[in-house]
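Peer 1: sequence and predicted model, in that order:
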Amino acid sequence: MLATGAGWLTRAMADATLGPAELTEGALQSASMEALPGKVSLIKKTWRPPNFETPVSYFDQAFTPNRAFFVRYHLGAIPEVAAAKWSLTIGGDGTGKPFALDYDALRRDFAPLEVNALCLCSGNRRGLSNPHVPGIQWGHGAMGNARWKGVRLKDVLHRAGVKKEATEVVFDGADSAVLDKTPDFVKSLPLWKALDENTMLAYEMNGEPLPHWNGFPVRVVVPGWTATYWIKHLTSIHVSTQAFKGFWMATGYRIPKGKFPIVDRFVSQETEANTPITEMVVSSLITNLQPNARLNAHSPLEVRGVAWDGGYGIAEVLVSIDGGENWRKAELGSDLGRFAWRQWRFARPAPQRGNAIIMARATNRQGASQTEQLIFNPAGYHNNVVQRIPVEFV
Amino acid sequence: MKRILWSMLLLGLGRVHADESRVTLKDGEGRPLVEAHCSVCHSLDYVQMNSVFLDRKGWEASVNKMIEVMGAPIRQEDSGPIIDYLTKYYGK
């Protein structure tokens, strides 16, 4: 009896680390805590290409440490790029003066810029989709908040002489597929978003050079938009007068039209039925409570977490400790900028003994809020269903 | 295929991550075929992770995507046994 009890407890604890209970058994069992070179132990989802998730406990702080930042690759050939050998070409039929620059020139010739921004994988929480959908079965940790330093993409584009017919800006990185026939991971942005004053080519993250696994030496940072556009190990920028038709734009990373409260459109890529994913939807995460935790009924309760959206700003976070019957406002932490997540905290006197369900729901300054029911889509994107964390006060 | 393997060796790219050898698929008919073909591009934990929720149609769609979109060098006569294995051991 004792042994059974201990076994159950160990499994419950391991499960809490490796992902939420909503993940499939296969997703939980195939995951393990592993460290890539230069990283702390993270939740290994897949070895090759490497997909590693940040455990929720790391999100209980304003910035996500570089060594704990999630890793996400689509393709298996990932070279280590030396800064001294790196160069970036900027050209395409939408430019008049194509040019190339190296690592020193990028940092020397353009004004630096720092932006706090959340980097969130489009498929974060895919593993919680019901019904389940194929893909990396992410829990809550395919995201991280960082201070990015780099240069404005628009300054770099300006030097290339962007023509008025330019439509999209196409990005490619040094990583590639193992097979020639596999579509390379190439992404485009609408020109207006590429020219946004916050869109940048970043060479630092939290005050250090980018870690290899997060795009060294230079990656695209698109504050407000999901991380699919944040091309790592950037090597080429192609300004095009046409819509880019590669697989990862035309087929991958698409959401059904009209289902989500999305503001930013990507008109040159839209079809009748669907559109590329653009900005993040409003969401939140409880960061200091594990599911099935046993909490002391004699001390005050504190619930902490983070909330974010696509860059409009968090207006309020409501917390319920009775499964959604009653809601009270959480206290918002300091504002790190509209593209960063916002920390929040909720405190109240010790609740009564027994089982409880803790929930948090964020609303942004546009009045958009998290959903109660999943907005199902075949790729499992934009899952911002309000979390329900069962706990016991003892 | 030979050319692909040769170029992988040559570039040292796409090399198998040492730790992924710990991933073991369930024993059964078709397993060697699945291991040989799927592991060209990705570790086999992709299979385990995506279980159990796909039915035969789901695994068929995944394998066909690998062949048609990702260019996996899987001969037509091999795709059936690969789908059979995935459905039987990692399908619903």
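Peer 2: On my side now, so go ahead. For clarity, every value in this text was computed on a predicted model and none was experimentally measured. Numbers count the residues shown, from 1 in each chain, chains lettered A, B, ... in the order given.

Peer 1: and A:Arg345, that one's in a strand?
Peer 2: Yes. According to DSSP: H, G, I helix; E, B strand; the rest coil, A:Arg345 belongs to a strand.

Peer 1: beta partners of it?
Peer 2: On the basis of DSSP bridges, A:Arg345 is bridged to A:Arg304, A:Glu331.

Peer 1: check contacts around it.
Peer 2: A:Glu302, A:Val303, A:Arg304, A:Ala330, A:Glu331, A:Gly333 (Cβ atoms under 8 Å, 6 or more residues apart in numbering or on different chains). Every residue, glycine included, has its C-beta placed from N, CA and C.

Peer 1: okay, those residues in JSON lines with neighbour count next?
Peer 2: Converted to JSON lines, those look like this (neighbours: other Cβ atoms under 10 Å in any protein chain shown):
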{"residue": "A:Glu302", "neighbour count": "12"}
{"residue": "A:Val303", "neighbour count": "23"}
{"residue": "A:Arg304", "neighbour count": "20"}
{"residue": "A:Ala330", "neighbour count": "24"}
{"residue": "A:Glu331", "neighbour count": "11"}
{"residue": "A:Gly333", "neighbour count": "17"}
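
Peer 1: now the helix or strand encompassing A:Ala202, how far from the centre of its chain.
Peer 2: A:Ala202 belongs to strand A:200-205 when assigned by DSSP states H and E. Its chain's average C-alpha position is 16 Å from that of strand A:200-205, according to Cα atoms, centre = their mean, to the nearest Å.

Peer 1: helix or strand next in line after it, which one?
Peer 2: strand A:208-209.

Peer 1: now do the residue of the stretch 251-394 of chain A found nearest chain B, the pLDDT please.
Peer 2: Nearest to chain B, among the residues of the stretch 251-394 of chain A, is A:Thr251, at 7.4 Å (Cβ to the nearest Cβ). Here the pLDDT value assigned to A:Thr251 is 97.

Peer 1: got it, and the one 5 residues further on?
Peer 2: For A:Pro256, the pLDDT comes out at 97.

Peer 1: next one: A:Gln352
Peer 2: 89.

Peer 1: show me the contact partners of the longest helix seen in chain B.
Peer 2: Assignment by DSSP state H gives helix B:76-90 as the longest helix of chain B. For helix B:76-90, the external contacting residues (Cβ under 8 Å, 6+ apart) are A:26, B:25-26, B:28-31, B:33-34, B:37-38, B:47-48, B:50-52, B:54-56, B:59-60, B:62-64, B:67, B:74.

Peer 1: same question, stretch B:27-37
Peer 2: With Cβ under 8 Å, 6+ apart as the criterion, stretch B:27-37 contacts B:25, B:44, B:47, B:72-74, B:78, B:81-82, B:84-86, B:88-89.

Peer 1: for ChimeraX, write the selection for the buried entries among these.
Peer 2: A single ChimeraX command selects the buried members of those (16 or more other Cβ atoms under 10 Å in any protein chain shown):
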select /B:25,44,47,72,74,78,82,84,85,86,89
